[in-house]
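Peer 1: Predicted coordinates and the sequence they were generated for:
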Amino acid sequence: MNHAQILLDALDISLDEITTTTFGEVNDGTKEECLVLIQDLLDGIDDSYITEQHRLIIAYSDKIADAFTNVEYKSSIADIPLEEAHTILPLDETNPFYDVVTKTAAGIAGSAVKEIGTEITKHMQWNPEEKAFYVDTNNIPNIEESEDIIARAMALSCASELLSSESAWLVGNLIAELRNIYGDELDLSRVAGATGKSYNLIVTSEAVFIRFRGCRIPGLTFSHHKEVMFQKHLDDAWREPILRAAKRNNLTTKDTRNLCNRFKGEDGSEVRDISDEEVKDFLLKNEPENKKTYILIKQGDRKRFTGQLSDSKLEEYDFILMIHPEIKAMKGTLAAETE
């Protein structure tokens with residue numbers, strides 16, 4: 001296995017997925033070419049050899065961008081906006097629904113469906129009466145193939161989340177535009193009744209779209225933007241710096257909401273960029289004790305524990321290592337070495 005594939009495996013990024021994003025299709029040739037491009041990036045090619053495909057791979061994922069430590073190199077390639085990077089794909093730009101994230105979501109969904117379909121039919125047989133798959137006894141998958149099939153099936157939920165996010169932005173966009181024409185005559189309660197969706201959910205889509213129109217943070221979901229928008233006692237000027245910090249640090253919506261607490265009551269006239277160190281320090285300090293996870297070792301026996309570390313546990317175990325929200329030796333040889 002080459003270094004490019006090792007990098008993708010370590011970052012939990014599907015080669016097929018990034019190949020689809022880069023070349024629009026997946027076959028043995030495009031996958032091999034994609035690995036070559038990633039290896040180029042690992043080797044630190046100079047600017048004269050950088051292709052648009054290189055740029056797209058970098059723009060595709062912050063996790064990949066962070067794998068390249070040359071700051072000057074990253075600043076020239078990795079910081080291209082995702083929208084710009086995706087314009088190199090041969091897509092129908094005349095269709096207004098080909099928004100960049102919608103294209104990405106649809107591409108991932110299509111790729112995931114094709115992949116899981118291919119893998120399942122290799123080793124499974126469909127029972128139309130029970131509407132369920134059974135293992136093909138003539139071609140039973142090994143353990144690695146079994147785990148891969150399950151992982152690919154789970155990828156469908158990732159695509160679903162992307163499509164759900166884009167749907168919310170689209171709904172907000174359409175409502176905002178049509179309300180400009182019809183005003184209060186536009187009866188969203190009828191829409192709610194016809195679709196079975198909450199009225200508040202529909203009008204929230206409009207409010208969030210209007211607030212972040214033209215200044216959405218690529219790579220963050222609608223839910224991230226919604227969480228930041230509806231935080232009370234948070235000056236509006238802080239909302240975008242918080243979202244940018246959330247994007248850089250791959251924060252969940254929950255962590256993004258918690259980060260908002262740090263800046264509630266802060267004067268908006270003193271707004272600034274939020275450093276990654278500040279984000280990590282704040283979230284670490286505010287992680288509830290009962291959410292922290294440890295590895296406890298006593299006489300060679302190992303135990304995983306999540307909760308508050310009591311004095312009795314500190315006395316009982318020979319070695320204690322915190323593994324969430326940070327990696328830190330709490331007791332034992334490693335603790336002594338790191339002091």
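Peer 2: Yes, it's here. Numbers count the residues shown, from 1 in each chain.
Peer 1: quick one: low-confidence parts of the stretch 201-339 of the chain?
Peer 2: 333-339 (pLDDT under 70).
Peer 1: And the strands in it?
Peer 2: With strands called from DSSP state E, counting those that start in this stretch, the stretch 201-339 of the chain shows them at 293-298, 301-306, 319-324, 328-331.
Peer 1: Now distance to residue 271 too, for those strands, in a markdown table please.
Peer 2: The way it works is simple: take the backbone N, C-alpha and C, and place the C-beta from them, glycine included. Converted to a markdown table, the strands of the stretch 201-339 of the chain look like this (distance: least, CB to CB, whole Å):
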| stretch | distance to residue 271 |
| --- | --- |
| strand 293-298 | 35 |
| strand 301-306 | 37 |
| strand 319-324 | 31 |
| strand 328-331 | 32 |
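Peer 1: of those, which approaches residue 147 most closely?
Peer 2: strand 301-306 (20.4 Å; CB to CB).
Peer 1: Out of the strands of the stretch 201-339 of the chain, which gets nearest to residue 143?
Peer 2: strand 301-306 (22.2 Å).
Peer 1: returning to that earlier point: minimum distance to residue 211: which of the strands of the stretch 201-339 of the chain has it?
Peer 2: Among the strands of the stretch 201-339 of the chain, the nearest to residue 211 by CB to CB is strand 319-324 (33.4 Å).
Peer 1: could you redo the strands of the stretch 201-339 of the chain as JSON lines and give each row distance to residue 230 and mean neighbour count?
Peer 2: What follows is the strands of the stretch 201-339 of the chain, written out as JSON lines (distance: least, CB to CB, whole Å; neighbours: other CB atoms under 10 Å):
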{"stretch": "strand 293-298", "distance to residue 230": "30", "mean neighbour count": "17"}
{"stretch": "strand 301-306", "distance to residue 230": "30", "mean neighbour count": "11"}
{"stretch": "strand 319-324", "distance to residue 230": "28", "mean neighbour count": "16"}
{"stretch": "strand 328-331", "distance to residue 230": "34", "mean neighbour count": "17"}
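Peer 1: And the residue positioned nearest the centre of the chain, how close does it get to residue 299?
Peer 2: By CA atoms, centre = their mean, the chain has its centre lying nearest to residue 250, at 6.5 Å. In this view, residue 250 and residue 299 are 38 Å apart by CB to CB, to the nearest Å.
Peer 1: cool, residue 260 as well?
Peer 2: In terms of CB to CB, residue 260 sits 45 Å off from residue 299.
Peer 1: Show me which of the two is the more surrounded one.
Peer 2: residue 260 (21 against 6; other CB atoms under 10 Å).
Peer 1: That one against residue 227, yeah?
Peer 2: Yes - using CB atoms under 8 Å, residue 260 is in contact with residue 227, at 7.3 Å.
Peer 1: picking up where we left off before, which one of the strands of the stretch 201-339 of the chain lies closest to residue 16?
Peer 2: The nearest among those, by CB to CB, is strand 319-324 at 30.1 Å.
Peer 1: Can you get me a residue count around residue 4?
Peer 2: Number of residues near residue 4 (other CB under 10 Å) recorded here: 19.
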